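Enquirer: one predicted model, sequence on top.
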Amino acid sequence: MKLSLIAGLNTGRGALHAQQSALQVTGNNIANVNTPGYSRQKVSLQTGLPQNHNPIGSISIGVTVEDINRVRDVFMDDIFRRETQNLGCYETLKNYLTQIESIFNEPSETGLSSLMSRFFNAFQDLANNPEDLSTRMVLRERGASLTNAINETHFKLSQMQRDIGETLKGKINEVNNIAQQIAKLNQQIKNTEAAQKITNELRDRRDLLVDQLSKLVDIDVLNKEDGTLTINAGQKNLVSDMFAHELEINIPKIGSVRFRSRTPGAGLSGAQASVKLAKSNSPLSIRSGELRGLLDVHNDIIPHYQKRLDDLAAELAKEVNEWHQKGFGLDNSTGNSFFTFTSVSPSDNIGAASTIAINDVIFSDVKKIAASGESDAPSDNSIAIMISQLRTNKVMNEDTATFSDFYQSIIAELGGQSKNANQFREAQKLVVSQINQRRESVSGVSLDEEAIDLINYQSAYQAAARYINTVNELLDVVVNRL
């Protein structure tokens, strides 16, 4: 009898310990309700091993704490990270496409569309007053405004490309830093679990880092039996066990070209940035994440619009110059180009937008602007009329579009890309939000649920205390009163 009662005390003590542990875990959950990356924890209770102190056979002696587990859905984690990768890419594309739209600044009084219209209007005014010097000065200024705007637009695109290069370097450093932290946590988790200790907080920290990494680059995560994670990024191994493989970014130097420069080819489409493993020089095939968006803008989108500007600038200069060189100025000069530009190759026009300018000869002497089609005929306006009519001539896209049509197609394409990126971003934000809600419904802390658990564990703790008090009274009877 005495042994059975002592066993009863042990049962009560085990119950107190188990309920106290459960209360502590519940309190920890409540304390971390707003902690980013925290996973709800749950005490796993197990019936104690039976003892043979009872005459009728073995009876279990209460409860023990088997483990304290994180409540986590690995499948939902994988889905969340995969969709977060896409969101990071779409957000980046939308942000930079919006910036490119602001660079073109259309529609506006200072946009290229308005400036081209004013330029051709100035030639029409010259046709009406071919001998008027003030009209020629206005034409010179409007031509300079147009070329400066083309130069500035191209320069800003090149500057954005350089800025994105610096952003890429920062993002690569961020990826390397996260990878190193994950590798260190891998080692800590592996060693701690080998010593049969709980690593819930360490795992939470690691999972939060993996979530952050997934927005930067596409990753594949493998959970290993020893508690470590193996992570591949861009189809190359980034983290394995306690080792992190460093990434580096290769960004070719981009030229700096501004007003009336004679250096062609700033921001060439060949300036391709690439990411690779630092030690092996093995290139990564990045499919999504912020890095994919940045690479797309740097390598493809900006060079595409620079090339379209180059084509516009080159054809505008060629068409105007063709007629202007045939004409005669007030001083009877002829053969002068109105515009000058330099391109890397005559066949691709690269560099035209960054270098187009008013011919220095014209800029310094407006009498050399050719309006007449005949020598010694200052009142003749035939050349000025032909140049003013270029606005309606289909000379772009293999003679299928006017200058205005071509430029409007650039703006329409840019607007369409920006709209699509925004739609994809908004749709993806909704997908990620819904998945995160489902994930939080599993691993997040619900204060209502924790309040219920708190009451249950409190009641169980009080009952165990009363049980111990009862057994103690019975022992007193057996020891002191029999």
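Expert: Cool, the structure landed. Residues are numbered from 1 along each chain as shown.
Enquirer: contacting residues around Leu390?
Expert: Phe120, Glu319, Val320, Trp323, Phe403 (CB atoms under 8 Å, 6 or more residues apart in numbering). C-beta: built from backbone N, CA, C; applies to glycine.
Enquirer: roughly how far does it sit from Ala384?
Expert: Look at Leu390 and Ala384: by CB to CB, to the nearest Å, they are 11 Å apart.
Enquirer: show me where this protein has its helices.
Expert: Per DSSP state H, the chain carries helices over the ranges 2-31, 74-104, 112-128, 133-194, 200-216, 290-296, 302-324, 352-355, 360-364, 382-388, 403-443, 447-476.
Enquirer: can you list those helices in JSON lines and add mean neighbour count, distance to Gly227 and mean pLDDT?
Expert: Shown next, in JSON lines, are the helices of the chain (neighbours: other CB atoms under 10 Å; distance: least, CB to CB, whole Å; pLDDT from 0 to 100):
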{"stretch": "helix 2-31", "mean neighbour count": "18", "distance to Gly227": "20", "mean pLDDT": "82"}
{"stretch": "helix 74-104", "mean neighbour count": "19", "distance to Gly227": "13", "mean pLDDT": "95"}
{"stretch": "helix 112-128", "mean neighbour count": "20", "distance to Gly227": "59", "mean pLDDT": "95"}
{"stretch": "helix 133-194", "mean neighbour count": "19", "distance to Gly227": "5", "mean pLDDT": "95"}
{"stretch": "helix 200-216", "mean neighbour count": "20", "distance to Gly227": "8", "mean pLDDT": "95"}
{"stretch": "helix 290-296", "mean neighbour count": "24", "distance to Gly227": "28", "mean pLDDT": "96"}
{"stretch": "helix 302-324", "mean neighbour count": "21", "distance to Gly227": "44", "mean pLDDT": "95"}
{"stretch": "helix 352-355", "mean neighbour count": "30", "distance to Gly227": "56", "mean pLDDT": "92"}
{"stretch": "helix 360-364", "mean neighbour count": "15", "distance to Gly227": "72", "mean pLDDT": "94"}
{"stretch": "helix 382-388", "mean neighbour count": "23", "distance to Gly227": "76", "mean pLDDT": "95"}
{"stretch": "helix 403-443", "mean neighbour count": "16", "distance to Gly227": "18", "mean pLDDT": "95"}
{"stretch": "helix 447-476", "mean neighbour count": "14", "distance to Gly227": "27", "mean pLDDT": "86"}
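Enquirer: in JSON lines: these, plus distance to Met242.
Expert: JSON lines is the format used below for the helices of the chain (distance: least, CB to CB, whole Å):
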{"stretch": "helix 2-31", "distance to Met242": "28"}
{"stretch": "helix 74-104", "distance to Met242": "21"}
{"stretch": "helix 112-128", "distance to Met242": "56"}
{"stretch": "helix 133-194", "distance to Met242": "4"}
{"stretch": "helix 200-216", "distance to Met242": "12"}
{"stretch": "helix 290-296", "distance to Met242": "24"}
{"stretch": "helix 302-324", "distance to Met242": "40"}
{"stretch": "helix 352-355", "distance to Met242": "49"}
{"stretch": "helix 360-364", "distance to Met242": "65"}
{"stretch": "helix 382-388", "distance to Met242": "71"}
{"stretch": "helix 403-443", "distance to Met242": "26"}
{"stretch": "helix 447-476", "distance to Met242": "35"}
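Enquirer: how about these, which one is nearest Ile251?
Expert: Closest of the helices of the chain to Ile251 is helix 133-194, at 4.3 Å (criterion: CB to CB).
Enquirer: of all the contacts of Leu390, which comes closest to Asp163?
Expert: Phe403 (29.8 Å).
Enquirer: how much space between Thr26 and Ala195?
Expert: Thr26 sits 26 Å away from Ala195, going by CB to CB.
Enquirer: what's the closest non-adjacent residue to the residue positioned nearest the centre of the chain?
Expert: Nearest residue to the geometric centre of the chain (CA atoms, centre = their mean): Glu290, 2.9 Å. Closest residue in space to Glu290, ignoring its immediate chain neighbours: Gly88 at 4.2 Å, by CB to CB, 6 or more residues apart in numbering.
Enquirer: same question for Ile468.
Expert: In this structure, Ile468 finds its nearest non-sequential neighbour in Gly12, 3.7 Å apart by CB to CB, 6+ apart.
Enquirer: let me see the contact set for the one you found.
Expert: Applying CB under 8 Å, 6+ apart, the residues contacting Gly12 are Gly62, Ala464, Ala465, Tyr467, Ile468, Val471.
Enquirer: need the residues you listed in CSV with distance to Lys171, can you?
Expert: Compiled in CSV, the contacts of Gly12 are given as follows (distance: CB to CB, whole Å):
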residue, distance to Lys171
Gly62, 55
Ala464, 55
Ala465, 57
Tyr467, 60
Ile468, 60
Val471, 64
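Enquirer: wait, which of those residues is closest to Ile286?
Expert: Lowest distance from Ile286 to these (CB to CB) belongs to Gly62, with 55.9 Å.
Enquirer: got the contact list for the closest one?
Expert: Under the criterion of CB under 8 Å, 6+ apart, the contact list for Gly62 reads Asn10, Thr11, Gly12, Gly14, Ala15, Ala18, Thr47, Gly48.
Enquirer: touching, the fourth one and Leu49? I think so.
Expert: No: the pair Gly14 / Leu49 is not scored as a contact, 10.8 Å apart, by CB atoms under 8 Å.
Enquirer: need the residues that contact stretch 135-147.
Expert: Stretch 135-147 has contacts (CB under 8 Å, 6+ apart) with 112, 115-116, 118-119, 121-123, 125-126, 128-129, 260, 313, 330, 338-339, 356-358, 362-363, 366-367, 369.
Enquirer: neighbours of Tyr239, how many?
Expert: If you look again at residue 239, you'll see it is Val, not Tyr. 27 (other CB atoms under 10 Å).
Enquirer: chain neighbours aside, what residue packs nearest to it?
Expert: Closest residue to Val239 apart from its sequence neighbours, by CB to CB, 6+ apart: Ile231 at 4.2 Å.
Enquirer: ok, the residue nearest to the centre of the chain touching Gly170?
Expert: No: between Glu290 and Gly170 there is no contact, the gap being 10.5 Å when judged by CB under 8 Å.
Enquirer: ok, Arg13 to Tyr461 distance?
Expert: 12 Å.
Enquirer: what's near enough to touch Ser404?
Expert: By CB under 8 Å, 6+ apart, the contact list for Ser404 reads Ser113, Met116, Ser117, Arg391.
Enquirer: is it true that the first one touches Gln408?
Expert: Yes: if you go by CB under 8 Å, Ser113 and Gln408 touch, sitting 7.0 Å apart.
Enquirer: what is the neighbour count of the residue nearest to Val239?
Expert: The number of residues near Ile231, taken as other CB under 10 Å, comes to 25.
Enquirer: residue contacts, it?
Expert: Ile231 touches Ala179, Ile182, Val210, Leu213, Ile219, Asp220, Val221, Leu222, Asn237, Leu238, Val239, Ser240, counting by CB under 8 Å, 6+ apart.
Enquirer: just the contacts of Ser404 now: which is nearest Ile455?
Expert: Ser113 (70.0 Å).
Enquirer: enumerate every residue touching that closest one.
Expert: Residues near Ser113 by CB under 8 Å, 6+ apart: Glu106, Pro107, Ser404, Tyr407, Gln408, Ile411.
Enquirer: much appreciated, bye for now.
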